[in-house]
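*Asks:* predicted coordinates and the sequence they were generated for:
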Amino acid sequence: MSNVLTLSGVTKAYNAGQTNEVNVLRGCDLTLDAGEVVALVAPSGSGKSTLLHIAGLLDTADAGTVEIAGETMTGLSDRRRTISRRQDVGFVYQFHHLLPEFSALENIALPQLANGVPTKAAEERAMHLLDTVGVADRASHRPAALSGGEQQRVAFCRALANEPKVLLADEPTGNLDPATSDKVFETLMTLVRSTGLSALIATHNLDLAARMDRVLRMQDGVLTPE
Ligand code: ADP
Ligand code: MG
C-alpha cells in the first residue's frame, strides 16, 4: 500500500444556500505517497485549513472521499472517525494548542494514554521524542514557560506520539520569527524524514515549500501541481 492519503473530489461550502455562501473547496484531488512530503501553498483564505481539517478527520467534506492508508474514512461513524484520527493522523496547528495545565512531557504522553499505552511506556516515548527535537531539558515545563519555537517542537512530538500514518501541518512555523521559523522547520523535516512519515504541510513561505518533495497550489478551490 503506497498511497498514504488520497482525497478525491473533495468539496466544501460554508453557509450553503445562504446569500453569503462560500464555496471553499470545489473538487480537490490529492495523492500522498509513502514517505512523501508535500507543500500546500496558497494565500490566506484560500482553503488550506479547511482542506487539512477534512484530510485530518477534524471536519467532513460535503462531497468526495478521504482515504488513509487505503481505508475509506468517508461515512464512518463518529466513534470510528475519532479512533482513526487518534491512530492514523498527526496534526500540527499554527498555534501550538498544547494543554496549558500539563507539562511538555505530559502533553506528549496523554494522546498515547488515550490509545491504551501504559503510562511508563508513554512517558519514555515522550522523553525520547523530546530528546529528538532537542528540548528534553524542558520536559517538566508547562507550555507557558516555553519559547514559541520550543512550544512548536513539543507540538511536533505530540503529533508523532501515536506513530501516525500521516502528518498534517497547518502553517506550523507561521507564528515564529523568520530565524526561529527556519530552525524549527528544519527540525520538523528531520523528524519526518527520520520516521519515513508522509506529510502535507501548508505554508506561505516559498523557501520552506521548496525544501519539500513537491508543491501543490490551491487556487479557486482546486489543487494544481506547481
Ligand atoms: P486558509 O487556511 O487558506 O487561510 P481557510 O480554510 O481558513 O483558508 O478559509 C477558507 C475560506 O473559508 C475563507 O474565506 C474563510 O473565511 C472561510 N471559512 C473558514 N471557516 C469558516 C466557517 N467556519 N464558516 C464560514 N466561513 C468559513
Ligand atoms: Mg489557515
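*Replies:* Perfect, thanks for sending it. Ligands and ions are numbered 1, 2, ... in the order given.
*Asks:* could you give the secondary structure assignment for residue 30?
*Replies:* Of the three states, residue 30 takes strand under DSSP: H, G, I helix; E, B strand; the rest coil.
*Asks:* so who does it touch?
*Replies:* With contacts defined as Cβ atoms under 8 Å, 6 or more residues apart in numbering, the neighbours of residue 30 are 5-7, 38, 55, 200, 216, 223. (Glycine included, C-beta is placed from N, CA and C.)
*Asks:* what sits opposite the residue nearest to the spatial centre of the chain in the beta ladder?
*Replies:* The centroid of the chain falls nearest to residue 168 when counting by Cα atoms, centre = their mean (2.2 Å). Beta bridges link residue 168 to residue 91, residue 200, judged by DSSP bridges.
*Asks:* got the contact list for it?
*Replies:* 52, 55-56, 89-92, 199-201.
*Asks:* likewise residue 148?
*Replies:* Contact analysis of residue 148 by Cβ under 8 Å, 6+ apart lists 175-177, 180.
*Asks:* which member of those is positioned nearest ligand 1?
*Replies:* Of all those, ligand 1 sits closest to residue 175, with 13.6 Å by Cβ to the nearest ligand atom.
*Asks:* which non-adjacent residue is nearest the closest one?
*Replies:* Leaving out its chain neighbours, the residue that sits closest to residue 175 by Cβ to Cβ, 6 or more residues apart in numbering is residue 94, at 5.3 Å.
*Asks:* do I have it right that that neighbour meets residue 181?
*Replies:* No: between residue 94 and residue 181 no contact is recorded; they are 11.2 Å apart, counting by Cβ atoms under 8 Å.
*Asks:* re earlier: also near ligand 1: which of the contacts of residue 148, exactly?
*Replies:* When Cβ under 6 Å from any ligand atom is applied, no member of these is adjacent to ligand 1.
*Asks:* what stretches of the protein score poorly on pLDDT?
*Replies:* Applying pLDDT under 70 to the chain flags the ranges 1.
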